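**Q** missing the sequence, but the structure's below:
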Ligand code: SAH
Ligand code: SF4
Ligand code: F3S
C-alpha cells in the first residue's frame, strides 16, 4: 500500500514538471457528506502538489473535479446539469474533466458516462482516488482514463497530501465503509466493508493538525462507534500488530476519544456519525470524562416507529433509543442532540409517522436533518412493494419540519442573555465587519469582535435569536 502511494507521488512530480510555469488552476465541487468533503481535501492536496492552484470558479479552471454523492436521487440531475455546463468550457480552457466519488462506484453510472459523455476525461472511484495523479498524467499524454472502480477491497491508504477547507476545524476520517446495510441506504454498496485506520496513524494526524493550529477535530466515519470492530478478532489473535504496539492502548472508539483528548492545542472534539445500536457505556463515559469532547451528540433516529426501524434494519427499538437518550442525559451533564430522520420509507403508516413525531417531541433536538425517502437501485428498500406516494411523503415531511422548527425556535429563545463559548471562524459571510463562530452545540453566532479573536474561543453574550443563527455581543 505504501508502495502504491509512493508510485503516485512519482506521478505527482511528473505532472508538476509538465505543468511548471503554466499557471494552471483547479476547481472542485463536492456534492456529498463530510466524508466526501474529507476526500475532496485529499484530492485538493494532490492537485496542489501537481501545480494547480485553487479557483472557486469552473470558468477559470484547467482541471475540473466533481466529487459525487448518491445517497439520494436528486444528485444525479445536479451532476449531469453541471457536467453539461463543463462541456462548453472544456474547449476554451483545454480543461480536464474528472468525476469521482460515491456515484462513480455505481456500475450503471459509469456505463452511462462511457456511453454518452465522451468529453469526460477521468472517472475515479472512492477506493482509488489516490490514483488521480496517474490518471491526470495519462490524460496529459493523450490517454483517457476510466478507472476500474467496481472493486471494493479493504485497503486503507495513508500519507496522501491534504489541503484542508476549514481553518478552524480539521476533519479526520477514522474508518471507511459501512457494514450495517440499513435497507434504504446505498452507502454500504458504494463504500464497501468497514475498515478502520490504525490508532497510531489517527493520533499522528491529530497531533499534526494541533501543531498546525487547528482548535477543533471532527472524527469521521459512517459508524464511528464501531471503530476497530472489523479488526477486533485479528487484534485479539495478535495478527494485527503494528510496530508501536498501540492497539494495546487504543482498541475502541472510547479509548480513541480519550487519547485525542490528551493532545495539547486541541480544544474541541466532535464525531459523526455514531450508530445508536453501538453506543456502549464506555463511549458514554468517555464523552462524560473528556473535557474537550463536545456534549453535543448526533444520534441518527431515522424513524421513531419500532416497526419501521425493524424494516429499516436499524437494530434498535423506539424504547431503546429513548432509553439511550435518557441514560446519556443522566450521565453527561448538559448533553444535547442532533439527528437524521427519514420520512416516507416503504410501508410507513400514519401511526408510524406519529411515533417519529413523538420521539422528536420527547428528545427536543437542537438540530435535525430531515429527508424524504429516496429509492436507491440495488437496496432492499427499492424492492419493497408498499412505497408511499410522493404527496403523502411531502405532507409528512412538512409536518415534521414544522414541529422541528417550532421546537428549535422555542429553544433558541432560551439562549437569550446567556453567555456562550464561541470558537471564532472568521468574518461573517453576510456582514464582513462582524465575526462568526460556533458554540459547543454547533449554534452559529454572529458578533462584533476583532480579527485577533479568530481561531480562539471567546465568551459572547447572546442578544438576538434567529432560526439558524444568533447575534451576540462580546463581553
Ligand atoms: N452513516 C450515517 C449517515 C449516512 S447518510 C448514519 O447512519 O447515520 C446520511 C443520512 O442520509 C442518513 O442518516 C439518512 O437519514 C439519510 N439517507 C440515507 N439513505 C437515504 C435514502 N435512500 N433516502 C433518504 N434519505 C436517506
Ligand atoms: Fe447507511 Fe445505515 Fe450505514 Fe448509515 S449506518 S451509512 S444509514 S447503511
Ligand atoms: Fe457520503 Fe453521499 Fe457517499 S452521503 S458516503 S458522499 S453516498
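**A** Perfect, thanks for sending it. The model shown is predicted, which means the values in this text are computed figures rather than measured ones. Ligands and ions are numbered 1, 2, ... in the order given.

**Q** CA atoms for contacts and neighbours, from now on please.
**A** Fine.

**Q** parallel or antiparallel, list what pairs with the helix or strand bottoming out on mean pLDDT in the chain.
**A** Lowest mean confidence among the helices and strands of the chain (mean pLDDT, DSSP states H and E): strand 145-146, at a mean of 74. Using DSSP bridges, the strands paired with strand 145-146 are strand 122-123 (parallel).

**Q** returning to that earlier point: quick check: next helix or strand after the least confident helix or strand of the chain?
**A** Remark: after strand 145-146, the chain's next helix or strand is strand 169-173, criterion DSSP states H and E.

**Q** in its sheet, what does that following strand sit against?
**A** In its sheet, and by DSSP bridges, strand 169-173 pairs with strand 216-220 (parallel).

**Q** one step back: and the least confident helix or strand of the chain, how far out from the chain middle?
**A** Per Cα atoms, centre = their mean, to the nearest Å, the displacement of strand 145-146 from the mean C-alpha position of its chain is 26 Å.

**Q** next one: stretch 348-358
**A** With Cα atoms, centre = their mean, you get 28 Å for stretch 348-358.

**Q** one more: stretch 385-401?
**A** For stretch 385-401, the distance to the chain centre is 26 Å (Cα atoms, centre = their mean).

**Q** check stretch 63-78 too.
**A** Offset of stretch 63-78 from its chain centre (Cα atoms, centre = their mean): 15 Å.

**Q** what's the end-to-end length of that stretch?
**A** This stretch, stretch 63-78, spans 19 Å end to end (Cα to Cα, to the nearest Å).

**Q** do stretch 262-279 as well
**A** Span of stretch 262-279 from end to end, Cα to Cα: 22 Å.

**Q** buried stuff in stretch 400-415?
**A** Judged by neighbour count using 16 or more other Cα atoms under 10 Å, the buried positions of stretch 400-415 are 400-401, 403-405, 407-409, 412-413, 415.

**Q** turn the residues you listed into JSON lines, including distance to residue 32 and secondary structure.
**A** As requested, these are exported to JSON lines (distance: Cα to Cα, whole Å; DSSP: H, G, I helix; E, B strand; the rest coil):
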{"residue": "400", "distance to residue 32": "23", "secondary structure": "helix"}
{"residue": "401", "distance to residue 32": "22", "secondary structure": "helix"}
{"residue": "403", "distance to residue 32": "26", "secondary structure": "helix"}
{"residue": "404", "distance to residue 32": "23", "secondary structure": "helix"}
{"residue": "405", "distance to residue 32": "24", "secondary structure": "helix"}
{"residue": "407", "distance to residue 32": "27", "secondary structure": "helix"}
{"residue": "408", "distance to residue 32": "25", "secondary structure": "helix"}
{"residue": "409", "distance to residue 32": "28", "secondary structure": "helix"}
{"residue": "412", "distance to residue 32": "28", "secondary structure": "helix"}
{"residue": "413", "distance to residue 32": "32", "secondary structure": "helix"}
{"residue": "415", "distance to residue 32": "31", "secondary structure": "coil"}
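
**Q** let me see the contact set for the residue most central in space within the chain.
**A** What sits nearest the mean C-alpha location of the chain, by Cα atoms, centre = their mean, is residue 34, with 1.8 Å. Taking Cα atoms under 8 Å, 6 or more residues apart in numbering, we find residue 34 in contact with residue 220.

**Q** and the closest residue to ligand 1 within the stretch 201-350 of the chain, which of the three is it?
**A** Nearest residue of the stretch 201-350 of the chain to ligand 1: residue 222, at 3.8 Å (Cα to the nearest ligand atom). Three-state assignment for residue 222 (DSSP: H, G, I helix; E, B strand; the rest coil): coil.

**Q** any idea how far residue 198 is from residue 250?
**A** Distance from residue 198 to residue 250, by Cα to Cα: 9 Å.

**Q** who's more crowded, those two?
**A** residue 198 (21 against 18; other Cα atoms under 10 Å).

**Q** and the contacts of the least confident helix or strand of the chain?
**A** 121-124, 135, 138-139.

**Q** just the ones in helices from those, please.
**A** Among the contacts of strand 145-146, the members falling in helices (DSSP state H) are 135, 138-139.

**Q** no more questions from me, cheers.
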